[in-house]
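1. task: produce atomic coordinates for the following.
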Amino acid sequence: MGTALVKYFGFLAGEYGREVTVEVGDGARLEDVVKLPEGYSIDDMVVLVNGKPVKKDYIVRPGDVVSVMPHISGGIRAP
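-> Numbering: from 1, shown residues only. From the prediction side, this is the model:
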């Protein structure tokens, strides 16, 4: 058992704080350590672990840094 750091970005940082230390045990999945508002899932987010993209079934290990950010949309639409 150990800890991992979860970093939240965008509206998630306002909801949970920018950085949260979480306990992780054997077999801790992303959905076990990442808090999300009701109605959202890991599939709705961009998730990096130690700076690299991961699949939603990634097992979080002690010492990992998990970054969670909502997808960003918008921009200029071509005519």
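2. which stretches of this structure form strands?
-> Counting by DSSP state E, the chain has these strands, from start to end: 2-8, 19-24, 45-49, 52-53, 65-70.
3. could these go into TSV alongside mean neighbour count?
-> C-betas here are computed from N, CA, C, even on glycine. Output for these, formatted as TSV (neighbours: other CB atoms under 10 Å):
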stretch	mean neighbour count
strand 2-8	18
strand 19-24	14
strand 45-49	17
strand 52-53	8
strand 65-70	18
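4. out of those strands, flag the one nearest Ile59.
-> strand 19-24 (8.9 Å; CB to CB).
5. so which residues make contact with that closest one?
-> 1-8, 32-33, 35, 60-62, 64 (CB atoms under 8 Å, 6 or more residues apart in numbering).
6. could you check how many residues crowd around the residue lying closest to Glu15 once chain neighbours are set aside?
-> Closest residue in space to Glu15, ignoring its immediate chain neighbours: Pro37 at 6.3 Å, by CB to CB, 6 or more residues apart in numbering. The local packing of Pro37 (other CB atoms under 10 Å) involves 11 other residues.
7. follow-up on the earlier one: now the strands of the chain in CSV, with mean pLDDT?
-> Formatted as CSV, those follow (pLDDT from 0 to 100):
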stretch, mean pLDDT
strand 2-8, 97
strand 19-24, 96
strand 45-49, 96
strand 52-53, 96
strand 65-70, 96
